[in-house]
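sequence and predicted structure are below.
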Amino acid sequence: MPAAFPPRVCVIGAGPAGMSCALWLHNLGLEATLVDTEKSPGGAMLLNFLNNNWVLGQRGLSGLEMAARFTEHIESLAIPLLLECRPTRLARDAHGQFQLSLETPQGISSVEADAIVLATGTRFRGREILIGLPGFGQCDPGRLRYGPHCFTRLSMLAGKRLLVIGGGDNALENAALALDAGASVTVVARNQFRAQARFIERLQAAGHCALHADARLTALQPSPGGLLASLEGAAGQWQLEVDRVHLLAGYAPNTAFLDGILAAEVAPPQKDERGYLCGDALGRTSTPGLYVAGDVGNPAFPNVLSALAQGAQVAKTIEFDLNQTRPR
């Protein structure tokens, strides 16, 4: 049967890119449905605990607060928002219609669509990086923090010894905030530091702070005073006793789920060597009918602003593409 009109689009991922895409689809006259595995919409914004002054017009709001505003906008338009729903199969019939099967709290359900938007974002890399280190299994989990959680309860670091692992903006900003809270900080980066110069210069000039590039953690084990970290770098090997370890080692795309849900007639969309989805400038993937928006396809500059813009762009692309297939 021919596609129903207005066209139906299923957006997988209810972060800023997904919500922006659904909003634009709605305003362009298409039927959008948002699907997300989490209990609340917002994606990575739900883990942004600090006030974000990088989004125009949203000054002083945390990611949680911005997510609440975005969600209210979506709900005010009665755009269907299916939460706690895990995609289990994506099939396509002879007429090109997609059927997305979902595992929901109420059981198995499905959504039919003329196009699918993949806006599943990224996840922070955490415990899996350290789990193979000698001694890690015996360490007190309460002394370890990963990704965005490193930015919580910083006031408790006063007088403590902190080891930060990572060389990007998040790692060095975290180190700077820990110093402000009264901690002594050591930062270890596997390669050269790639953070903004202002962070590097500030930490280099600070007391109670040491920066080690081209170094790595080789073991982590309990000690009478906290944790004993074994490190290796250009200067050789050394050990450092600390009270807490913060791991800020970047992000990975949420694309692995696709490998297990695509039916034979749906070709896997192309990914790069890190697993990010490859799309053209307008958000089309290598698989007709599948589109990509937001951080899951943007390893170069992932952020809320680019996600919002890409969501809008993909909505316009879908409107154009589906209009080309309408009966005349």
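Thanks, I have it.

if you count contacts, what does the helix or strand of the chain with the lowest mean pLDDT end up packed against?
Least confident helix or strand, the chain: strand 51-52 with a mean of 86, by mean pLDDT, DSSP states H and E. Secondary-structure packing of strand 51-52 (3 or more C-beta pairs under 8 Å, 6 or more residues apart in numbering; DSSP states H and E): strand 61-62. (C-beta placed from N, C-alpha, C; glycine too.)

who touches the next helix or strand after the strand it packs on?
Next helix or strand after strand 61-62 toward the C-terminus (DSSP states H and E): helix 63-76. Residues outside helix 63-76 that contact it (C-beta atoms under 8 Å, 6 or more residues apart in numbering): 16, 19-20, 22-23, 34, 40-50, 52, 55, 58, 61, 81, 304.

what's the following helix or strand after helix 63-76?
Taking DSSP H and E, what comes next after helix 63-76 is strand 81-82.

ranges for the helices of the stretch 201-328 of the chain?
304-324 (DSSP state H, counting those that start in this stretch).

partner strands of the least confident helix or strand of the chain, parallel or antiparallel?
Strand 51-52 pairs in its sheet with strand 61-62 (antiparallel), by DSSP bridges.

and the strand it pairs with, how far from the chain's centre?
Offset of strand 61-62 from its chain centre (C-alpha atoms, centre = their mean, to the nearest Å): 17 Å.

partners of Gln239 in the sheet?
Applying DSSP bridges, one finds that Gln239 bridges with Ser230.

who are the neighbours in contact with it?
Applying C-beta under 8 Å, 6+ apart, one finds that Gln239 lies in contact with Leu228, Ala229, Ser230, Leu231.

who wins for neighbours among these?
Ala229 (23 neighbours; other C-beta atoms under 10 Å).

and the residue nearest to it when sequence neighbours are not counted, how many neighbours?
Distances taken as C-beta to C-beta, 6 or more residues apart in numbering put Leu240 closest to Ala229, at 4.8 Å, once the chain neighbours are dropped. For Leu240, the neighbour count with other C-beta under 10 Å is 16.

now Ser20: how far from Arg8?
18 Å (C-beta to C-beta, to the nearest Å).

er, Arg125 actually
Arg125 is 35 Å from Arg8, by C-beta to C-beta.

please apply the same query to Ile74.
On the measure of C-beta to C-beta, Ile74 and Arg8 end up 17 Å apart.

which residues touch the residue lying closest to Arg202 once chain neighbours are set aside?
Nearest residue to Arg202, sequence neighbours excluded (C-beta to C-beta, 6+ apart): Ala176, at 5.8 Å. Applying C-beta under 8 Å, 6+ apart to Ala176 gives the contacts Phe199, Arg202, Leu203, Ala206.

the last one against Asp180, yeah?
No - contact between Ala206 and Asp180 fails when scored by C-beta atoms under 8 Å: they sit 9.6 Å apart.

circling back: and the residue nearest to Arg202, which of the three is it?
For Ala176, the reduced secondary structure class is helix; criterion used: DSSP: H, G, I helix; E, B strand; the rest coil.

the stretch 1-150 of the chain: strands as residue ranges?
Secondary structure of the stretch 1-150 of the chain by DSSP state E, counting those that start in this stretch: the strands cover 8-12, 31-35, 51-52, 61-62, 81-82, 86-92, 98-104, 107-113, 115-118, 122-124, 144-146.

ok so, going back, quick check, nearest of the contacts of Ala176 to Phe136?
Phe136 lies nearest to Leu203 out of those, by C-beta to C-beta, at 26.3 Å.

got a list of what Gly60 touches?
Asn51, Asn53.

do the same with Leu240
Contacts of Leu240 (C-beta under 8 Å, 6+ apart): Leu163, Thr186, Leu228, Ala229, Leu231.

enumerate every residue touching the nearest residue to Thr33 once chain neighbours are set aside.
Leaving aside its sequence neighbours, Thr33 sits nearest to Pro80 (C-beta to C-beta, 6+ apart; 4.5 Å). Contact analysis of Pro80 by C-beta under 8 Å, 6+ apart lists Ala32, Thr33, Leu34.

which other residues reach the least confident helix or strand of the chain?
Gln58, Gly60, Leu61, Ser62, Gly63, Met66, Val304.

run the last query once more with 10 Å
Strand 51-52 is contacted from outside by Met45, Gln58, Arg59, Gly60, Leu61, Ser62, Gly63, Glu65, Met66, Asn303, Val304, using C-beta atoms under 10 Å, 6 or more residues apart in numbering.

could you identify the most distant pair in the contacts of Ala176?
Phe199 and Ala206, at 10.8 Å, using C-beta to C-beta across the contacts of Ala176.

those two: who's more crowded?
Set Phe199 next to Ala206 and count neighbours by other C-beta under 10 Å: Phe199 wins out with 20 against 16.
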